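Asks: Please work out how this folds:
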Amino acid sequence: MGKLKNWSVVVLLALCALIFCSRLHTYHEPLQRDLTTYAVIAHEMLAGKSLYQDLWDHKPPAIHVTYAAAEMIAGYGRDSIFLMNVVAAIATLFVCYWAGSSVHGRVAGCFAAAFWAFTSGNLALEGNQPNTEVFMNVFLAAGFAVLVRAEKKNLGARGAFITGVLFAVASLYKQVVVVQPALLAIAYVACCDLRLRKRAFADVLIIAATGVAIWALVLGYFFARGSGAAFVESVFSYNRYYSSSLSHQALHSFKGWMATSPDVLIVVLPLAILTGIGIFRGVVFAPQRHWILLLVYLIASEIAVLLPGWPFPHYYQLLLPPLAIGAGWSIESLRRVLPRTLSSVSYAAGAAACAIVVLVQVPSYFIPAEDWSVKKYGNLFVDTEQFAGKIDSLLAPDETFYEWGSESGLYFTTGRRPPSGIFFAFPMLGGPLKEKLSLRLIEDLKQSQPDLIVADVATMTLTEREHPVLNWFRENYKAFARTDNFLLFARNGSRLGQQAIAMRENGELRVLGAQQLK
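Replies: Reported below is the predicted structural model:
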């Protein structure tokens, strides 16, 4: 037993090293807009601005607090991004091991941890960058692990409180994950021994009360700071519009993504087959509570993926921990039911599944980090990062710019602070906050008077001609240059505005005609 224990420690340390090295490979990958938005908001929070009141986003506050904490440790830039990436992935690794070993022993735990380590950085799932799902998985999987470890007894008040805290923190990253604790709580009571059902129901009440209390504390905090109304309208009112208005378009987006990402299916399929075998046996032939809970965890995670109405690839990262845990359980479960002479077949199946997952993904690590971004998002974020250098060459150190669109990476890469806390143009193109945020943005820009406006070309095509923000641009700025993705406007009377008239084609920039402003 001691040798096996030491062997499992070596395996876990090797998997931690694998995660570190694999994330290090894409350290310099141009960052996706969600990440740079969280980083810029966190930086502004640390500078004294108020979340939701001064800085607008429709995500709950946990992601911004996490990015702010990382910046306090590693500074503002890629080091903090890398720190969060590695820490969250390794934390989930240990949680998968903990859940995997809770019922079927250390071998199952090691396989679960290995499956997570091999799949968590998947290119097509955008798993190598710390978006919200990376952090949600830590707390959701940990809450699930606490539930399944209470296999022969109930949670008790302490276990229920810990579970409630874990699930509540996960929901503070994105509130759609309340589906997992809700369905898991129902399953926990339903498959409990009749003699313990009252205690199980009491456990669920403690979990729910803990979640409600934590959310109440968060709401109370924002109302005490005077930003409670802004918090509610951003996180709840706008998200209702966001989910309902995009569901039809999301269906087509999802179909298109699946058609162009067969490597995701190849990576997930071995885990899904192993997990499916275990669930079939553990639910149909020999019903066991931990298998029922796992099935519910998977179903609830799929619902959480679809609920926002726009299932981007990184949403599907929520399925990886339950699949990794289920595959680990299945390998050890099969070994126990097979004849002794064939018991090694289950380990061979697990090793083969690991080999398939690894071989499919190895080619990705022979291409540079920049190509990872191109494969996932096209050239947009590569061009955005390169264009940030153009902005620095146009502006003096004390001059500012505002970007009309959603490419917060321009602020992150240049290190220049935004003149307004409203980074995304989309809530000003439609929805319940369109007029309010548009007027607020105009007031911010009137006060800050940025020297340069950078307008995303795609966003401009979606913006109505008489939009109040565009009208304000016309009155105060003149278009003078463009790239493939951005239009540039110089403020009338500014240093840049005076030079813009005389500017000619230079590098990737070219002179605009007046008709392109209309």
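Asks: Run a quick neighbour tally on Leu342.
Replies: For Leu342, the count of nearby residues is 12 (other Cβ atoms under 10 Å). For glycine as for every other residue, the C-beta is placed from the backbone atoms N, C-alpha and C.
Asks: Now do the nearest residue to Pro61 once chain neighbours are set aside against Ile422, distance only.
Replies: Among residues not flanking Pro61 along the chain, Leu51 sits closest, at 6.0 Å (Cβ to Cβ, 6 or more residues apart in numbering). Distance, Leu51 to Ile422, using Cβ to Cβ, to the nearest Å: 13 Å.
Asks: Can you give the distance from the host helix or strand of Phe82 to the centre of its chain?
Replies: Using DSSP states H and E, Phe82 maps to helix 78-119. In terms of Cα atoms, centre = their mean, to the nearest Å, the centre of helix 78-119 is found 17 Å from the chain centre.
Asks: Same check on stretch 13-25?
Replies: On Cα atoms, centre = their mean, the centre of stretch 13-25 falls 20 Å from that of its chain.
Asks: which parts of it are buried?
Replies: Neighbour counts using 16 or more other Cβ atoms under 10 Å place Leu15, Cys16, Leu18, Ile19, Ser22, Arg23, His25 of stretch 13-25 among the buried residues.
Asks: ok, so of these, who is nearest Thr400?
Replies: Arg23 (33.2 Å; Cβ to Cβ).
Asks: would you say the closest one is within a strand?
Replies: No: counting by DSSP: H, G, I helix; E, B strand; the rest coil, Arg23 is not found in a strand; it is helix.
Asks: residues contacting it?
Replies: Phe82, Asn85, Val86, Ala89, Gly121, Asn128 (Cβ atoms under 8 Å, 6 or more residues apart in numbering).
Asks: Which of those residues ranks first by neighbour count?
Replies: Ranking the contacts of Arg23 using other Cβ under 10 Å puts Asn85 first, with 28 neighbours.
Asks: for it, what are its contacts?
Replies: Per Cβ under 8 Å, 6+ apart, neighbours of Asn85: Arg23, Asn128, Gln129, Pro130, Val134.
Asks: Make a markdown table from these and add distance to Trp329 and pLDDT to it.
Replies: As requested, the contacts of Asn85 are exported to a markdown table (distance: Cβ to Cβ, whole Å; pLDDT from 0 to 100):
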| residue | distance to Trp329 | pLDDT |
| --- | --- | --- |
| Arg23 | 27 | 95 |
| Asn128 | 26 | 92 |
| Gln129 | 29 | 93 |
| Pro130 | 28 | 94 |
| Val134 | 23 | 96 |
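Asks: related to what we said a few turns ago, the contacts of Arg23: which two are farthest apart?
Replies: Maximum distance among the contacts of Arg23 (Cβ to Cβ): 12.6 Å, for Phe82 and Gly121.
Asks: which element follows the helix or strand where Ala17 lies toward the C-terminus?
Replies: According to DSSP H and E, Ala17 maps onto helix 2-25. For helix 2-25, the following helix or strand on the C-terminal side (DSSP H and E) is helix 33-46.
Asks: Give me the helices and strands touching that following helix, please.
Replies: Where contact means 3 or more Cβ pairs under 8 Å, 6 or more residues apart in numbering; DSSP states H and E, helix 33-46 is packed against helix 62-74, helix 78-119, helix 409-414.
Asks: how about the helices of the stretch 301-450 of the chain, start to end?
Replies: 320-337, 344-361, 369-377, 380-394, 409-414, 434-448 (DSSP state H, counting those that start in this stretch).
Asks: Out of those, the one nearest Thr275 is which?
Replies: Using Cβ to Cβ, the nearest of these to Thr275 is helix 320-337, at 3.2 Å.
Asks: for that closest one, the distance to its chain's centre please.
Replies: The answer for helix 320-337 is 26 Å, by Cα atoms, centre = their mean.
Asks: Give me the angle between it and helix 344-361.
Replies: Angle of helix 320-337 versus helix 344-361, following axes from the mean of the first three to the mean of the last three Cα atoms, to 10 degrees, is 150 degrees.
Asks: Output helix 320-337 in PDB with nothing but the alpha carbons.
Replies: Taking Å, rounded to 0.1, in the frame of the first residue of the first chain, the C-alpha atoms of helix 320-337 are listed here in PDB:
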ATOM      1  CA  LEU A 320     -14.200  17.500 -18.900                       C
ATOM      2  CA  PRO A 321     -14.000  16.900 -15.000                       C
ATOM      3  CA  PRO A 322     -17.100  14.600 -14.900                       C
ATOM      4  CA  LEU A 323     -15.800  12.700 -17.900                       C
ATOM      5  CA  ALA A 324     -12.300  12.400 -16.500                       C
ATOM      6  CA  ILE A 325     -13.700  11.200 -13.100                       C
ATOM      7  CA  GLY A 326     -16.100   8.800 -14.700                       C
ATOM      8  CA  ALA A 327     -13.500   7.300 -17.000                       C
ATOM      9  CA  GLY A 328     -11.200   6.800 -14.000                       C
ATOM     10  CA  TRP A 329     -14.000   5.100 -12.000                       C
ATOM     11  CA  SER A 330     -14.900   2.900 -15.000                       C
ATOM     12  CA  ILE A 331     -11.400   1.500 -15.400                       C
ATOM     13  CA  GLU A 332     -11.200   0.400 -11.700                       C
ATOM     14  CA  SER A 333     -14.800  -0.800 -11.700                       C
ATOM     15  CA  LEU A 334     -14.200  -3.000 -14.700                       C
ATOM     16  CA  ARG A 335     -11.100  -4.500 -13.200                       C
ATOM     17  CA  ARG A 336     -13.100  -5.600 -10.200                       C
ATOM     18  CA  VAL A 337     -15.800  -7.400 -12.200                       C
END
